[in-house]
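>>> For reference, the sequence and a predicted model appear below.
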Amino acid sequence: MTTYRIAPSILSADFARLGEEVRNVVAAGADIIHFDVMDNHYVPNLTIGPLVCQAIRPHVDVPIDVHLMVKPVDRIIPDFAKAGANIITFHPEASEHVDRSLQLIRDHGCKAGLVFNPHTPLHYLEHVMDKIDMILIMSVNPGFGGQSFIPQALKKIAQARRMIDQYGEGRDIMLQVDGGIKADNIAAAAAAGADTFVAGSAIFGKPDYKAVIDAMRAELETVAKAVGK
């Protein structure tokens, strides 16, 4: 039975009320809080750091999933682990030694993963699957919220699912998709093999968070029934 997870991205939340926002979205049914970190170097935007992660940690019991869009990554990993992150993912292009960075995350008690931009091949995974807890497929180019889903990402999701099935050795490796996810395309991403779905403006841009999350879960339920899971 596939476990589907909804992970609202606080990049689209109201930062003047961030504690309230994360509490409300979890009450509405969120499984994970997705935390986007951008450095105006690896990506052309600047967002939030470990102090914000530390500030929201007491407000929620669900995992905090930190997506590092920074280069280099190793310096900042321990700070986010100490700030309360549960999962830390990074882009392979941002690390000089991918295996070492993954191990650094795990050594600090967090789950570790790699993130793949639309143009980035998945071959980085081939020699580090033993250290992977999450694979994140970007369905937009990283740097800004509110972008439209790139349909080509569905092929990469399917490819990543095959790699998990082949190399995962029975481990529970999450397959996450991030970028333009809405109720009207979440089923396609799930059918391709994703099980964890980041949504920012699709949730925080609406007045009723629960209605959006419920609509997404209804779409996921149709996929689960169609494949008999």
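Alright, I've got the coordinates. The shown structure was predicted, so the numbers you read here are calculated from the model rather than taken from an experiment.
>>> For Tyr167, give me its contacts.
125-126, 129 (Cβ atoms under 8 Å, 6 or more residues apart in numbering). Heads up, the C-betas are built off the backbone N, CA and C, glycines and all.
>>> and the lengthiest helix in the chain, which residues are buried?
Longest among the helix segments of the chain by residue count, using DSSP state H, is helix 209-226. Buried residues in helix 209-226, counted by 16 or more other Cβ atoms under 10 Å: 209, 212-213, 215-216, 219-220, 223.
>>> related to what we said a few turns ago, give me the ChimeraX select line for the contacts of Tyr167, limited to the buried ones.
Command for ChimeraX, covering only those of those found buried under the criterion 16+ other Cβ under 10 Å:
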select :125,129
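>>> among the contacts of Tyr167, which are in strands?
Residues of these located in strands (DSSP state E): none.
>>> can I get the contacts of Tyr167 in a markdown table with distance to Ala158 and pLDDT?
Below are the contacts of Tyr167 laid out as a markdown table (distance: Cβ to Cβ, whole Å; pLDDT from 0 to 100):
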| residue | distance to Ala158 | pLDDT |
| --- | --- | --- |
| Leu125 | 14 | 96 |
| Glu126 | 17 | 92 |
| Met129 | 17 | 95 |
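>>> Show me which of the contacts of Tyr167 is closest to Thr3.
Proximity of the contacts of Tyr167 to Thr3 (Cβ to Cβ) peaks at Met129, which lies at 19.8 Å.
>>> Excluding covalently adjacent residues, which one is nearest to that closest one?
The shortest distance from Met129 to any residue other than its chain neighbours is 4.2 Å, reached at Tyr167 (Cβ to Cβ, 6 or more residues apart in numbering).
>>> go on, Ile181?
Leaving out its chain neighbours, the residue that sits closest to Ile181 by Cβ to Cβ, 6+ apart is Ala199, at 4.6 Å.
>>> follow-up on the earlier one: would you check the buried residues of helix 209-226 and say which has the weakest pLDDT?
Here the lowest pLDDT out of these sits on Val223, with 94.
>>> Tell me how far it lies from Ala191.
5 Å (Cβ to Cβ, to the nearest Å).
>>> before we move on, what about Val98?
With Cβ to Cβ as the criterion, Val98 and Ala191 are 29 Å apart.
>>> Could you do Arg57 as well?
Distance from Arg57 to Ala191, by Cβ to Cβ: 34 Å.
>>> Determine how far the helix or strand Ala191 falls within lies from the middle of the whole chain.
Assessed by DSSP states H and E, Ala191 sits inside helix 186-192. What separates the centre of helix 186-192 from the centre of its chain is 15 Å, taken as Cα atoms, centre = their mean, to the nearest Å.
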